[in-house]
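1. predicted model follows, preceded by the sequence.
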Amino acid sequence: SVVFGLSHGFYWAPLPPFLAENSSSEERNHLLSINIAVQLLAGILGYLAAGQAPSLLAGALVLEPTGSLRTTLLIATAAAGLALLPMLTVRRAIPAPGQPKTVAAVAEGEESGQRHVVALGASALAMGVATGLSYPFFNVYFVTQQGASAEAVGRIFALSSVLSTAAALTAPALAARVGYVRAIALSRLAAGAAMAAMAFSSSLGVAIATFWLRNFALQIMAPLIDAFGMAAVPANRRAVQASVTSTLWHAGYGFTSIFSGLIIVGFGFAPPFMGAAVVILGNAIVFWLYYRDWHQPSTPASG
């Protein structure tokens, strides 16, 4: 489990800079959105296949239950390894020639990049805290609080994945219409409002609708916040920015999910869900105030 967790860091941290280096600023939004959408769709198919694979393997290869599960995991590992083949065909992009920068301009860019790394890292930490307060317990919430069956919960999450895929594909159009900053802030406001409604919902229908709205809004934000980070910092700081935001998000998520479970046992779902709503709404407001005057640089480094 430790090694598996480490592997996630080595994948997710360099992924946004890798995609940014191999796309223009006009292509980047679409590339990041399609990347997320394809992974969501593939995940749906993977879950369906993984559910059937152990029993099929047990019959075809005459395996005991443990052996069939182990074989399924080995097949998944081999499938993940196949992803290396298309990755190896991508060559490092050649940066477009530009005017040489002065020492002062380089120093100013580095200082600005450092500020963006800190600001976006703090924003990611807040979103991780909000996610840890709520997301690990949604399935329990639907069963114990709203009376949904296990089959209903499966359908709720499956349809949520479909809506999330549509949201990821919608993100570039929204960013093109209202800009990065406004699109990110609006999506977080919608997600925060949905979380507040879930906290006090007494109807399964309302809980499902607000759950879907929360996930839809945050999935719009996901590719945009990555693209924004790649546009805001200089090219040589992109890997640092992606690493810091990923680390802080997971730190916030892991830390608060422990305490959220204890809060739910003692006080119910409303306090942590409302806490998540407050954090998301506050993050949206702070992000907007900090970046409302930001304009995408037109230098080659930003493309």
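-> Received, thanks.
2. okay, which residue is most central for this structure?
-> Centroid-nearest residue in the chain, with CA atoms, centre = their mean: residue 222, separated by 4.7 Å.
3. surely that residue touches residue 37?
-> No - the criterion here is CB atoms under 8 Å, and residue 222 misses it with residue 37 at 10.3 Å. Where C-beta positions appear, they are placed from N, C-alpha and C, glycine not excepted.
4. now for these two: what residues contact both?
-> residue 168 (CB atoms under 8 Å, 6 or more residues apart in numbering).
5. so where's this protein uncertain?
-> Within the chain, the segments meeting pLDDT under 70 span 92-112, 296-303.
6. mind naming the longest helix for it?
-> For the chain, the longest helix by residue count, based on DSSP state H, is helix 25-61.
7. show me how far the helix or strand following that helix is from its chain's centre.
-> Using DSSP states H and E, the helix or strand that follows helix 25-61 towards the C-terminus is helix 65-82. Counting by CA atoms, centre = their mean, to the nearest Å, helix 65-82 is centred 25 Å from the centre of its parent chain.
8. so how far is residue 125 from residue 131?
-> Counting by CB to CB, to the nearest Å, the gap from residue 131 to residue 125 is 11 Å.
9. and for these two, which residues touch both?
-> 249, 252.
10. what about residue 83, how many residues nearby?
-> 10 (other CB atoms under 10 Å).
11. helices of the stretch 101-250 of the chain, start to end?
-> For the stretch 101-250 of the chain, the helices defined by DSSP state H, counting those that start in this stretch occupy 103-134, 138-140, 150-178, 180-199, 204-232, 238-267.
12. show residues contacting the helix or strand that the last one is followed by.
-> For helix 238-267, the succeeding helix or strand toward the C-terminus, using DSSP H and E, is helix 270-291. Outside of helix 270-291, the residues within contact range by CB under 8 Å, 6+ apart are 119, 123, 126-127, 129-131, 133-134, 137, 141, 181-182, 184-186, 188-189, 191-193, 195-196, 198-200, 260, 263-264.
13. from these, which would you call buried?
-> 119, 123, 126-127, 129-131, 133-134, 137, 141, 181, 184-186, 188-189, 191-193, 195-196, 198-199, 260, 263-264 (16 or more other CB atoms under 10 Å).
14. other SSEs contacting the longest helix of the chain?
-> helix 15-21, helix 65-82, helix 150-178, helix 204-232 (3 or more CB pairs under 8 Å, 6 or more residues apart in numbering; DSSP states H and E).
15. residue 44 is nearest to which of those?
-> helix 150-178 (5.3 Å; CB to CB).
16. report back the residue of this protein that's furthest from centre.
-> Outermost residue of the chain (CA atoms, centre = their mean): residue 62, 39.5 Å.
17. next one: the nearest residue in space to residue 37 that is not next to it in sequence from residue 57, what distance?
-> In space, and not counting its chain neighbours, residue 37 is closest to residue 168: 4.2 Å by CB to CB, 6 or more residues apart in numbering. Distance, residue 168 to residue 57, by CB to CB: 32 Å.
18. between the two, who's got more neighbours?
-> The residue with more neighbours, out of residue 168 and residue 57, is residue 168; 26 against 18, by other CB under 10 Å.
19. contact partners for that one?
-> 33-34, 36-37, 40, 219-220, 222-223.
20. between all of the residues you listed, which two are separated the most?
-> It's 34 and 220 that sit farthest apart of the contacts of residue 168, by CB to CB, at 13.9 Å.
21. if anything else comes up later, I'll come back, but that's it for now.
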